[in-house]
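[1] Everything below, folded, please.
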Amino acid sequence: MNLLRALRARTQLPVGGEQEAVVEPGAAALFQYPFVFACGHGNMKFTPTEVANLRRYLISGGFLWVDDDFGIEPSFRREMRKLFPDDPLVELPFSHPIFHGLYEFPGGLPKIHEHDGGPAKAFGIVHDGRLVVFFSYDCDLGDGLEDEDVHHDPPEKREAALRMAMNIVHYVLTR
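    Predicted coordinates:
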């Protein structure tokens, strides 16, 4: 809800609803949304029906952002190979427009939480010249979007997460 509020307050992007909608990857309702977000710690696993529907959604103009909350990366990579066996997941360079939209992030993703000690990384899948999947890894942007009392992140970390998330949404909806 913090991201939705910020998008309404700081941009001209049309934002529907007061809170996030929940949609399953195999549902027809998926096609009502230009942008979907997933996060987690565990095992991402799609059924064959979900793979087919999500792939159709993505190649038809939809966008998937997955935020690694520490632990979803192996299963995410496996499932992306099912969705796009011919389009690899590649690290996005700091020059990518997603880092230079509403806000400047010349060094790429901000690091919100520390897990493995590695740098925050952004990966993507480009299909037919269009970024269709964005994977924020080892940074926990989603946690930074929560209310302060959830993870006790300082204001500057929460603002960095909010700004980067707004860049992602802005990139998706204005391309």
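[2] Go ahead and flag the most central residue of this structure.
    Geometric centre of the chain, nearest residue: W65, 2.4 Å, by Cα atoms, centre = their mean.
[3] how about V150, phi and psi?
    V150 adopts backbone torsions of phi -80, psi -50, taken as degrees, to the nearest 10.
[4] Can you tell me the closest non-neighbouring residue to it?
    Distances taken as Cβ to Cβ, 6 or more residues apart in numbering place D143 nearest to V150, at 7.5 Å, with adjacent residues excluded. Heads up, the C-betas are built off the backbone N, CA and C, glycines and all.
[5] tell me the contacts of the one you found?
    Residues near D143 by Cβ atoms under 8 Å, 6 or more residues apart in numbering: 69, 112-113, 150-151, 153, 161.
[6] before we move on, what about H96?
    Residues near H96 by Cβ under 8 Å, 6+ apart: 122, 124.
[7] Assign a three-state SS to E159, would you?
    Going by DSSP: H, G, I helix; E, B strand; the rest coil, the secondary structure assigned to E159 is helix.
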